[in-house]
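[1] Quick check, what structure comes out for this input:
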Amino acid sequence: MLNLQTCPFQRRILSVLFSFLLLLFFCLGMTSCRKSNPEATVQLWASEDNPLYSSLTAAVGEYNRQIRSGDLLSVSLRSFTDEETMIAAFSSGSPDLLLCSHYRQDALEQMDLLVDIAPAADMQHVGFTEDITARFSACGHSFFPIGSNILLLLFSDSVYASDSDSSVSALFSAAQKYSSESGRPYFTADSFSALFCQLLLSEKQEFHASLSVDLRTPVFSSLWNDVAALAYDGALISASANGASLVRAGVLPCSVISSETAAGMTSGSISVFPGTENAHVSDCFGIVSICHASRTRSAGAFLHWLFDADRSVLVALRAGLIPAVTGAYSGNSSLEQLLVSLESSSSGFFPALSSDYHKNSPSFERCFRSIVSYLY
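    The predicted model follows:
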């Protein structure tokens, strides 16, 4: 055994080595704490099925690269496969910021989970559109809307008829004519619930997504018969694939799609679904704040940056959404230009979480698709 009392040189070497190892373990421990400590970053949760996911992810990366202030935290993005999985994770913790639909915002607001961070976010420079501010009282306080979708008609380049999108009756007539002449279906819809809601909204009627209730309304009964006739005549189908893929593959000449589906498309002709001039059924997507007090300032700084200099407008347009704020950017592609033009020309109708439409839509969708398949 080495006698340290009689070997001062060796004892000094071991002492220095011990000090070095102690410092190394301390540094590694601090690094580990920084990686696992949620205090180190602003926690932003987002689900991959949200249309804003990709464009917001890019924006977060840009923000983190340019952040300079030493007392501001960077933003850490945690991804989930879908919104339901994301909300289930609340059982083990919660984020500072959450990317979600307006339905989820309604639910979190009713649960009193949202935190007003208006002073930190400082949204006085932001001009939210009138339909957004009228619908969401928490706008700019605990809910920061980025964009909303709208129903579009997607036509194949070879079959597009310039007058078939002028009105609902013109669309239905074009569908019947095409089917009778070719013996092939003309169009489908990604969401028949949204289709019926838009048709009734255009007539200033409410859609409950319940046949026992809606069939009492003459307007709905008439529309139901018209749509059912299209299915019976072979002009309308219920497809398992999304309509855009069928149009691109040449299977269908037309499809009713949601605007986020059209983001990035390079082929086909797009127009707004007829009857949306005054109001369009829509889902709104944005960020809600559930901030921990220690990170409120940094979370607000990120939101202030995101909604400055048309950044949120670009994030919305790249996702195929109508921007929730007005801006100077006019858009590059035809889709972006169309969406920008809708900022003030058409008001969004955002069904509430408590609405019959929201509660009944899944069962209505299944029911109607079965009927269309049976008739076709």
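[2] quick one, strands of the stretch 201-350 of the chain?
    Using DSSP state E, counting those that start in this stretch, the strands found in the stretch 201-350 of the chain span residues 254-258, 269-272, 279-281, 284-289, 322-323, 347-349.
[3] Number of residues surrounding the residue nearest to A328 when sequence neighbours are not counted?
    Spatially, and ignoring its direct neighbours in sequence, A328 is nearest to D310 (6.2 Å; C-beta to C-beta, 6 or more residues apart in numbering). All C-beta spots, glycine's among them, are computed from the backbone N, C-alpha and C. Residues near D310, counting by other C-beta atoms under 10 Å, number 16.
[4] D310 and R318, how far apart?
    D310 is 12 Å from R318, where distance means C-beta to C-beta, to the nearest Å.
[5] tell me the mean pLDDT over stretch 241-252?
    Stretch 241-252 carries an average pLDDT of 93.
[6] Report the buried residues of it.
    243-244, 246-248, 251-252 (16 or more other C-beta atoms under 10 Å).
[7] next one: stretch 354-365
    Of all the residues in stretch 354-365, those buried under the rule 16+ other C-beta under 10 Å are 355-357, 360-361, 364-365.
[8] now L200, what's its secondary structure?
    The three-state label given to L200 by DSSP: H, G, I helix; E, B strand; the rest coil is helix.
[9] Count the residues that sit near the nearest residue to it once chain neighbours are set aside.
    Leaving aside its sequence neighbours, L200 sits nearest to F207 (C-beta to C-beta, 6+ apart; 4.4 Å). The number of residues packed near F207 is 29, by other C-beta under 10 Å.
[10] Next up, the contacts around F207.
    Contacts for F207 (C-beta atoms under 8 Å, 6 or more residues apart in numbering) come out as 196-197, 200-201, 214, 220, 357.
[11] Find me the pLDDT at it, would you?
    At F207, pLDDT is 97.
[12] contacting residues for T217?
    With C-beta under 8 Å, 6+ apart, T217 has these contacts: 200, 205.
[13] per-residue pLDDT, it?
    pLDDT for T217: 94.
[14] what's the domain layout of the protein?
    42-149+282-336, 151-281+352-375 (automatic domain parsing).
[15] Tell me, how many residues neighbour L152?
    25.
[16] hmm, I was thinking of D157
    Under the neighbour criterion other C-beta under 10 Å, D157 is assigned a count of 10.
[17] What does the pLDDT read for it?
    As predicted, D157 sits at a pLDDT of 77.
[18] Repeat that for V315.
    97.
[19] how close does it sit to A301?
    17 Å.
[20] Now L152: which helix or strand?
    Here L152, judged by DSSP states H and E, is contained in strand 151-155.
[21] what does the average pLDDT come to for the helix or strand following that strand?
    Toward the C-terminus, strand 151-155 is succeeded by helix 168-182 as the next helix or strand (DSSP H and E). On average, the pLDDT along helix 168-182 is 94.
[22] Check which helices and strands helix 168-182 is in contact with.
    When contacts are defined as 3 or more C-beta pairs under 8 Å, 6 or more residues apart in numbering; DSSP states H and E, helix 168-182 packs onto helix 218-232.
[23] Using PDB, list the CA coordinates for the helix it packs on.
    Output of helix 218-232 as PDB, limited to C-alpha atoms (Å, rounded to 0.1, in the frame of the first residue of the first chain):
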ATOM      1  CA  PRO A 218     -86.600  23.000 -45.700                       C
ATOM      2  CA  VAL A 219     -83.300  24.400 -46.900                       C
ATOM      3  CA  PHE A 220     -81.400  21.400 -45.600                       C
ATOM      4  CA  SER A 221     -83.900  19.000 -47.000                       C
ATOM      5  CA  SER A 222     -83.600  20.600 -50.400                       C
ATOM      6  CA  LEU A 223     -79.800  20.500 -50.300                       C
ATOM      7  CA  TRP A 224     -79.800  16.900 -49.000                       C
ATOM      8  CA  ASN A 225     -81.900  15.800 -51.900                       C
ATOM      9  CA  ASP A 226     -79.600  17.600 -54.400                       C
ATOM     10  CA  VAL A 227     -76.500  16.000 -53.000                       C
ATOM     11  CA  ALA A 228     -78.100  12.600 -52.700                       C
ATOM     12  CA  ALA A 229     -79.200  12.900 -56.300                       C
ATOM     13  CA  LEU A 230     -75.600  13.500 -57.300                       C
ATOM     14  CA  ALA A 231     -74.500  10.300 -55.600                       C
ATOM     15  CA  TYR A 232     -77.300   8.400 -57.100                       C
END
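[24] List the buried residues in it.
    Result for helix 218-232 [16+ other C-beta under 10 Å]: buried residues 220, 223-224, 227, 230-231.
[25] Return the member of these nearest to R135.
    Nearest to R135 among these is F220, at 24.1 Å by C-beta to C-beta.
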